[in-house]
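**Student:** sequence isn't available, so here's the structure alone:
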């Protein structure tokens, strides 16, 4: 009975609610975990830890061959054909073989990989632990994708959160006693193994009950079809991972690991903004898709413009608070060892605000079925990021890395705006203006404070940024949420 309840399919609305709940909870805990790790490890060891999680997703992109990405498309298809068991058997075998081969290659080249990532072969033990994580990571991704393909997002969220929670608790315990990066990364490996054992057993019990899913797959080109679909999802994670870690990786090669740790703390503080910013994009995607399929394209354009403006203005409010109290936040949470990150927090706030705009605008690529556009934009941004980091870090250190990454993300957004516009996207002039507002964080505290007050007055005192209709929409939504909250309190 319990197994059947776990695998009971949810509606779209239920799925969105479940995913958002776990994402927000995970982000909050992740912020606290980052504080603990940074304090006990110190800047240098924290830098070692951060770069380990540059290597794992990068190697895993090759190890899993993008195969789990095909599950959302093919699990429902083969479930309908009655061949789900055979489909999973074939694909999990592929993942296991590819992950094992990648693991062996990494193990035999541990010292070389250490030199490439850390600028020194002495961290080869870190690389060994990371390499041993590739096989369980591949199986973990396969299980997660299987649950998503079966449309049981509660299990998808539970397996992700379970691994995250075990890693967090075990990692905190080990870092308190050892204050080194190696035990934390080992705890990541252990958390993966525990979770895949538990959820594999649960999944096997469920599959055994499915007598209707025992048919064999007799397609001649089964593996060709899977690889054709999946290859795109090998390239994507590599590009995104490289872009995300270029600044930290270049800092480790051109300066030292202490700089990586200090820089990462500044990025963590700015990333608090993105924790809330990504929610808009997650909620927006299924809703816009539904409206688009009804043929109401004008409404989609209205909602996109409205969402970008409201979300960015809301995030700007939080970013102003973080910026004005950045010294107190760093001193209290992370300690004086990380105080050198203060000058780059403003620049990285711009980076994360741009990231939130990207996340909100991104669903348009799915609506017009041109998912290659974000890949093109990020590829150009990656090349720019590597070049700018290489030029600016030797000259300006941490500030150079922050400027390089933020400028590269600005390039990504500009190219995306241009390409989307050619594909029918209609962004209003005041929407584009709002997208430029994050640049305010290059100013000092006093100027930012008065600029924000002026912006607040213009937003709600005039129709220059929000139209009268948009403000009425906002007020109605706020009143609706307040009314809903009061009703809950009564009961």
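**Tutor:** That came through, no problem. This structure is a prediction, so every number in the text was calculated from the model and none was measured.
**Student:** could you say which helix or strand holds the closest residue to residue 180 other than its chain neighbours?
**Tutor:** Counting by C-beta to C-beta, 6 or more residues apart in numbering, the nearest residue to residue 180 once its immediate chain neighbours are dropped is residue 45, at 6.0 Å. Backbone N, C-alpha and C define where each C-beta goes, glycine included. Assigned by DSSP states H and E, residue 45 falls within helix 12-63.
**Student:** distance between that helix and the chain's centre?
**Tutor:** Between the mean C-alpha location of helix 12-63 and the chain-wide mean there is a distance of 9 Å, by C-alpha atoms, centre = their mean, to the nearest Å.
**Student:** which SSE is immediately downstream of it?
**Tutor:** Moving toward the C-terminus from helix 12-63, the next helix or strand (DSSP H and E) is helix 71-81.
**Student:** tell me which helix or strand comes right after that next one.
**Tutor:** On the C-terminal side of helix 71-81, the nearest following helix or strand under DSSP H and E is helix 84-108.
**Student:** the next helix-or-strand element following that following helix: how far from the chain's middle?
**Tutor:** Using DSSP H and E, the next helix or strand after helix 84-108 towards the C-terminus is helix 110-118. Chain-centre distance of helix 110-118: 25 Å, with C-alpha atoms, centre = their mean.
**Student:** pLDDT score for residue 316?
**Tutor:** The predicted local distance difference test score for residue 316 is 93.
**Student:** ok, for it, nearest residue in space, not its chain neighbours?
**Tutor:** If the residues on either side of it in the chain are set aside, residue 316 comes closest to residue 437, at 6.2 Å by C-beta to C-beta, 6+ apart.
**Student:** show the contacting residues for the one you found.
**Tutor:** Taking C-beta atoms under 8 Å, 6 or more residues apart in numbering as the criterion, residue 437 is in contact with 312-313, 316, 455.
**Student:** out of those, which comes closest to residue 305?
**Tutor:** Checking these against residue 305 with C-beta to C-beta, the nearest one is residue 312 at 11.1 Å.
**Student:** surely the closest one meets residue 435?
**Tutor:** Yes - under the criterion of C-beta atoms under 8 Å, residue 312 lies in contact with residue 435, with a separation of 6.7 Å.
**Student:** got any residues that touch both of those two?
**Tutor:** residue 357.
**Student:** now the helix or strand hosting residue 126 against helix 12-63, angle please.
**Tutor:** Counting by DSSP H and E, the secondary-structure element that holds residue 126 is helix 124-132. Going by axes from the mean of the first three to the mean of the last three C-alpha atoms, to 10 degrees, helix 124-132 is angled at 130 degrees with respect to helix 12-63.
**Student:** run the angle between helix 124-132 and helix 84-108 for me.
**Tutor:** Between helix 124-132 and helix 84-108, the angle comes out at 170 degrees (the same axes, to 10 degrees).
**Student:** pull out the buried positions in helix 124-132.
**Tutor:** Along helix 124-132, the positions that meet the burial threshold by neighbour count (16 or more other C-beta atoms under 10 Å) are 124, 126-132.
**Student:** check which helices and strands that helix sits against.
**Tutor:** helix 12-63, helix 84-108, helix 110-118, helix 181-209 (3 or more C-beta pairs under 8 Å, 6 or more residues apart in numbering; DSSP states H and E).
**Student:** now render the ones you listed as TSV, adding distance to residue 252.
**Tutor:** Putting the helices and strands packed on helix 124-132 into TSV (distance: least, C-beta to C-beta, whole Å) gives the following:
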stretch	distance to residue 252
helix 12-63	6
helix 84-108	18
helix 110-118	6
helix 181-209	13
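**Student:** below-threshold pLDDT in the protein: ranges please.
**Tutor:** Counting by pLDDT under 70, the chain contains low-confidence ranges at 1-7, 9-17, 19-20, 212-215, 277-287, 289-290, 293, 480-491.
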